[in-house]
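S.K.: please work out how this folds:
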Amino acid sequence: MSYAFKDFHWTRHIPIKDYFLPKTLTEALDILTEYQGRALVVAGGTDVIPQLRRRELDAEVLVDITHLPDMKSIEENGERIVLGGLVTHASIASSPLVRKKAKLFADGAGCLGSPQIRNVGTVAGNLVSGQPAADTSIPLLALDASVTIASKGGERVVPLTKFFLDTGKTILDCRREILTRIEFNALKEHHGCCYLRLSQRKALALPILVCGVLVKVDKKRRVIEEAAIALGPVAPIPFRATRVEEKLRGSPVSKETIEAVGAIAIEESNPRDSLLRGSSLYRKEMVKVFVKRGLQKALAQGGFPVT
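M.R.: Okay, the predicted model is just below:
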């Protein structure tokens with residue numbers, strides 16, 4: 001369905017000719033195909049609308065996908081948790097399922113922006129924005145998530161580790177494709193997790209550093225079987241600290257293990273000096289602190305405290 005864009009109060013700021021509210025995914029993809037790159041997908045709009053106002057984005061048409069069916073669910077499917085592409089941050093932060101089986105994700109979603117932003121902004125939109133400090137990208141990377149992307153040519157499933165290309169850039173073309181689903185493994189017994197965020201204040205502040213940690217411990221041998229460490233914004237994209245993870249696998253649960261990975265974490269990060277987020281030297285030192293602190297908290301949360 002098309003609406004006259006002049007009826008919207010922000011038309012004087014944004015030169016958009018048409019505004020569509022498709023009822024099905026097929027209809028939305030048809031509109032994107034028809035306009036050949038001149039249309040832009042919008043859901044919560046918390047990133048897209050300000051960028052249009054600042055002329056950082058250019059489009060003739062907006063395709064509002066908020067009425068698409070079956071895209072607001074949070075479900076458990078076997079050992080996987082499946083989210084629709086329209087699930088909001090507030091829904092994740094308050095979901096009993098996510099809080100029980102992916103607590104670091106719920107914690108990250110609860111830190112983002114303000115209550116108003118969390119209630120309308122979508123997790124999919126946060127991923128598509130491609131920012132290295134996105135509060136949901138980091139925990140989802142640690143959870144080894146994948147995303148489903150729909151286009152007129154069909155669907156493709158992409159691991160989140162392959163999704164980000166550069167600051168503000170992902171493999172998804174938001175003028176021709178729609179992120180429809182996010183999936184990740186639910187945490188099990190002997191898993192521990194932690195989400196840490198460093199910012200100048202508790203709310204409405206961009207993060208200086210974000211760290212997501214997930215560990216699985218062999219209870220009998222008290223060694224770390226699996227480890228996932230996700231970091232941002234200390235590189236152009238959010239990333240997994242794979243060298244730290246390799247060092248942790250098979251290592252005993254001990255203070256010495258935690259101390260040993262701090263220096264490796266510094267080597268894997270490459271933050272730039274920033275007036276907003278602090279110097280490169282400061283953030284590198286905080287990477288070491290957060291990785292060690294995150295590991296200690298994740299191990300304790302999994303039932304293996306290190307004293």
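S.K.: tell me the SS of Glu215?
M.R.: Heads up, residue 215 is Val, not Glu. strand (DSSP: H, G, I helix; E, B strand; the rest coil).
S.K.: so what's it up against?
M.R.: His191, Gly192, Cys193, Ile224, Glu226, Ala227, Ala228, Leu248, Leu295, Ala298, Leu299, Gly302 (C-beta atoms under 8 Å, 6 or more residues apart in numbering). Glycine gets a C-beta too; all of them are placed from N, C-alpha and C.
S.K.: do the same with Pro271
M.R.: Pro233, Val234, Ala235, Arg277, Ser280, Arg283, Lys284, Val287.
S.K.: same thing with Asp135?
M.R.: His89, Gly108, Ala109, Cys111, Leu112, Asn126, Arg197, Pro207, Val210.
S.K.: and for Val234?
M.R.: So Val234 contacts Pro132, Leu209, Ser269, Asn270, Pro271, Arg283, Lys284, Val287 (C-beta under 8 Å, 6+ apart).
S.K.: farthest-separated two in these?
M.R.: Pairwise distances across those peak at 14.9 Å for Pro132 and Lys284 (criterion: C-beta to C-beta).
S.K.: more neighbours: these two, which one.
M.R.: The neighbour comparison of Pro132 against Lys284 (other C-beta atoms under 10 Å) goes to Pro132, with 22 against 17.
S.K.: quick check on Val291: phi, psi?
M.R.: Dihedral angles of Val291 (phi, psi; degrees, to the nearest 10) stand at phi -60, psi -40.
S.K.: excluding its backbone neighbours, what's nearest it?
M.R.: Ala265 (4.1 Å; C-beta to C-beta, 6 or more residues apart in numbering).
S.K.: does that neighbour count as helix, strand or coil?
M.R.: helix.
S.K.: number of nearby residues for it?
M.R.: 25.
S.K.: Gly168 too?
M.R.: With other C-beta under 10 Å as criterion, Gly168 counts 16.
S.K.: please apply the same query to Lys72.
M.R.: Neighbours of Lys72 (other C-beta under 10 Å): 15.
S.K.: next, it: secondary structure please.
M.R.: Classified using three-state DSSP, Lys72 is coil.
S.K.: pLDDT-wise, what's the bottom of the contacts of Asp135?
M.R.: Lowest pLDDT of the contacts of Asp135: Pro207, 81.
S.K.: next up, the contacts around that one.
M.R.: Cys111, Ala133, Asp135, Arg197, Leu198, Ser199, Gly232, Pro233, Arg277.
S.K.: now swap in Val157 and tell me
M.R.: So Val157 contacts Ser146, Val147, Thr148, Ile149 (C-beta under 8 Å, 6+ apart).
S.K.: do the same with Leu83
M.R.: Contacts of Leu83 by C-beta under 8 Å, 6+ apart are Ser73, Ile74, Ile92, Val123, Arg181, Ile182, Glu183.
S.K.: can you do 6 Å?
M.R.: The contact partners of Leu83, taken as C-beta atoms under 6 Å, 6 or more residues apart in numbering, are Ile74, Ile182.
S.K.: that one: which element?
M.R.: For Leu83, the host element (DSSP states H and E) is strand 80-84.
S.K.: in that strand, which residues are buried?
M.R.: Ile81, Val82, Leu83, Gly84 (16 or more other C-beta atoms under 10 Å).
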